[in-house]
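J.: Got a predicted model here, sequence first, then my questions.
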Amino acid sequence: SEKEAACAGTFTKNVVKAAPVFWDKDVVYKEGKAQAVVVNSGIANACTGEEGISNCKKEAEKAGELLSIAPEHVLVASTGVIGAQLVMDVVEKGIEMLVPELDSGKEAGENAATAIMTTDTHKKEIAVECTLGGKTVTIGGMCKGAGMIHPNMATTLNFITSDCAVSSNMLQKALSEIVKVTYNCLSVDGDTSTNDMVSLMANGLAGNEEITCEGEEFDTFKNALYEVMANLTRMLAKDGEGASKLLECICDGAPDKDTAITVAKSVVCSSLFKAAMFGEDANWGRVLCAIGYADAEFDINKVDVDLRSKYGTVEVCKNGSGIEFSEEKAAKVLSSDEIYIDINLNQGNENATAWGCDLTYDYVKINGDYRT
């Protein structure tokens, strides 16, 4: 960032946390300010003990020295193989090489989004604009992640920046609220990583009056941030390791938001349902089964389920029971690369969306020899 930025973050809930997670939590929660991010892929710097923490510090110190900023204002992120130590002479030479390449142009952003990939098949980035106090504010983000992805700060690295003027406290409030209904509603394979993080930096260069409390301006900023995070979440789900289909489950008619989230997540996390979607089999019983073991209170006898895609909609369940439908039409609906599972609990007005992907042969191939 051209100037010091307010920062916020959310991090993995895995008890086994990578060294960068410990470093970044200090930056976010103790400093509340950041000005740069150093990212590497290939080695996760997880389960690396004191040496791993020391290497995080060296990365921050090297970047700080070259950029003339305090090391404690440098965020560090890693992704890759667990248990290996960073080769610091290579990392430090990399930082030296990259500093002169810093640029605000589109090509530089695309290069960064590409560089952080591991088993991703393509880069993931998005930017939106909104107006605050007559000033145009931009929020842009990039992320990586294709496997070891599961709710509770889904296993991804996410970097979001903005030129909005907003306090660290309000930035953290916005991020924490939106993570709950975006990244935490994402699952590829049920494994929560050691390195998960979202960093959000805002440096105020848009010139709007600083947002320091809730109100219309804060809501506008939060809505724009949601668009960025929801779209990145969707990209992550669609590019799940080996995936051929994006699964988007919308739970409506819930008595409260948490119930809607729990039910939607339960469906996209079901390995049996994910396998059925790969096989383009309208096995709706697997949806009902996943709804049934969701940790939530509702009357299953009021639940309706539809399967939908660009090829149409097929109703498969009404009032908790199966109904007749055309298998031929269902097969056509499920032949799309984007499948929507519409659930209506018919027991309230709240809704939520969860994202996932199908389970394919290629997922096993990718992870069978990930390290070797």
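T.: Received the coordinates, thanks. Since the model is a prediction, treat every value here as computed from it, not as a measurement. Numbers count the residues shown, from 1 in each chain.

J.: any idea what sits nearest residue 86, other than its immediate chain neighbours?
T.: Closest residue in space to residue 86, ignoring its immediate chain neighbours: residue 55 at 4.8 Å, by C-beta to C-beta, 6 or more residues apart in numbering. (C-beta placed from N, C-alpha, C; glycine too.)

J.: show me the contacts for the one you found.
T.: By C-beta atoms under 8 Å, 6 or more residues apart in numbering, the contact set of residue 55 is 19, 45, 48, 85-86, 88, 91.

J.: hey, where'd the helices end up in the stretch 201-350 of the chain?
T.: Ranges of helices in the stretch 201-350 of the chain, per DSSP state H, counting those that start in this stretch, are 216-238, 257-268, 271-278, 285-292, 327-333.

J.: and residue 159, bridged to which residues?
T.: residue 142, residue 199 (DSSP bridges).

J.: show me what contacts it?
T.: Residues near residue 159 by C-beta under 8 Å, 6+ apart: 37, 39, 77, 141-143, 198-199.

J.: what does residue 58 give?
T.: Residue 58 makes contact with 88, 91-92 under the criterion C-beta under 8 Å, 6+ apart.

J.: Try it again at 7 Å.
T.: Listed by C-beta atoms under 7 Å, 6 or more residues apart in numbering, the contact partners of residue 58 are residue 88.

J.: Next, it: phi, psi?
T.: Phi and psi for residue 58, reported as degrees, to the nearest 10, are phi -60, psi -40.

J.: what does the model give it for pLDDT?
T.: As predicted, residue 58 sits at a pLDDT of 97.

J.: again with residue 190
T.: For residue 190, the model assigns a pLDDT of 62.

J.: Could you number the chain from 9 rather than 1 from now on?
T.: Got it, the first residue is 9 from now on, which makes the last one we talked about residue 198.

J.: Now name the helix or strand holding residue 146.
T.: Using DSSP states H and E, residue 146 falls within strand 143-152.

J.: gap between that strand and the chain center?
T.: From the chain centre to the centre of strand 143-152 is a distance of 15 Å (C-alpha atoms, centre = their mean, to the nearest Å).

J.: and it, what does it pack onto?
T.: Helices and strands touching strand 143-152, by 3 or more C-beta pairs under 7 Å, 6 or more residues apart in numbering; DSSP states H and E, are strand 132-140, strand 165-170, helix 224-246.

J.: quick one: which of the ones you listed is nearest residue 68?
T.: Smallest distance to residue 68 across the helices and strands packed on strand 143-152 (C-beta to C-beta): 15.6 Å, for strand 165-170.

J.: Next, the buried residues of whichever helix or strand comes after that closest one.
T.: Counting by DSSP H and E, the element after strand 165-170 in chain order, helix or strand, is helix 176-189. Across helix 176-189, burial judged by 16 or more other C-beta atoms under 10 Å covers 176, 178-183, 186-189.

J.: Would you mind listing where the stretch 259-380 of the chain has pLDDT under the threshold?
T.: Scanning the stretch 259-380 of the chain for pLDDT under 70 picks out 378.

J.: residue contacts, residue 131?
T.: Taking C-beta under 7 Å, 6+ apart, we find residue 131 in contact with 118, 121-122, 125.

J.: again, 8 Å this time
T.: Contacts of residue 131 by C-beta under 8 Å, 6+ apart are 118, 121-122, 125, 150.

J.: Could you do residue 123 as well?
T.: Per C-beta under 8 Å, 6+ apart, neighbours of residue 123: 47, 49.

J.: now swap in residue 136 and tell me
T.: Here residue 136 is in contact with 146-148, 232, 235-236 (criterion: C-beta under 8 Å, 6+ apart).

J.: Just the buried ones from those residues, in ChimeraX syntax?
T.: In ChimeraX, a selection of the buried entries from the contacts of residue 136 looks like this (16+ other C-beta under 10 Å):
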select :147,148,232,235,236
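
J.: Dump the contacts of residue 136 into CSV; add distance to residue 254 and pLDDT as well.
T.: Below are the contacts of residue 136 laid out as CSV (distance: C-beta to C-beta, whole Å; pLDDT from 0 to 100):
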residue, distance to residue 254, pLDDT
146, 27, 98
147, 23, 98
148, 23, 96
232, 23, 98
235, 18, 97
236, 18, 97
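
J.: Reformat the contacts of residue 136 as JSON lines; add distance to residue 320.
T.: Converted to JSON lines, those look like this (distance: C-beta to C-beta, whole Å):
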{"residue": "146", "distance to residue 320": "38"}
{"residue": "147", "distance to residue 320": "35"}
{"residue": "148", "distance to residue 320": "36"}
{"residue": "232", "distance to residue 320": "33"}
{"residue": "235", "distance to residue 320": "27"}
{"residue": "236", "distance to residue 320": "31"}
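
J.: nearest to residue 271, of the contacts of residue 136?
T.: Taking C-beta to C-beta as the measure, residue 271 lies nearest residue 235 of these, at 23.9 Å.

J.: circling back to that earlier point, any chance of the helices of the stretch 209-358 of the chain in JSON lines with distance to residue 379 as columns?
T.: Output for the helices of the stretch 209-358 of the chain, formatted as JSON lines (distance: least, C-beta to C-beta, whole Å):
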{"stretch": "helix 224-246", "distance to residue 379": "22"}
{"stretch": "helix 265-276", "distance to residue 379": "27"}
{"stretch": "helix 279-286", "distance to residue 379": "23"}
{"stretch": "helix 293-300", "distance to residue 379": "31"}
{"stretch": "helix 335-341", "distance to residue 379": "38"}
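
J.: Return the most buried member of those.
T.: Greatest average neighbour count among the helices of the stretch 209-358 of the chain goes to helix 265-276 (a mean of 23), per mean count of other C-beta atoms under 10 Å.

J.: So which elements touch that helix?
T.: Judged by 3 or more C-beta pairs under 8 Å, 6 or more residues apart in numbering; DSSP states H and E, the packing partners of helix 265-276 are helix 176-189, strand 254-262, helix 293-300, strand 346-352, strand 358-365.
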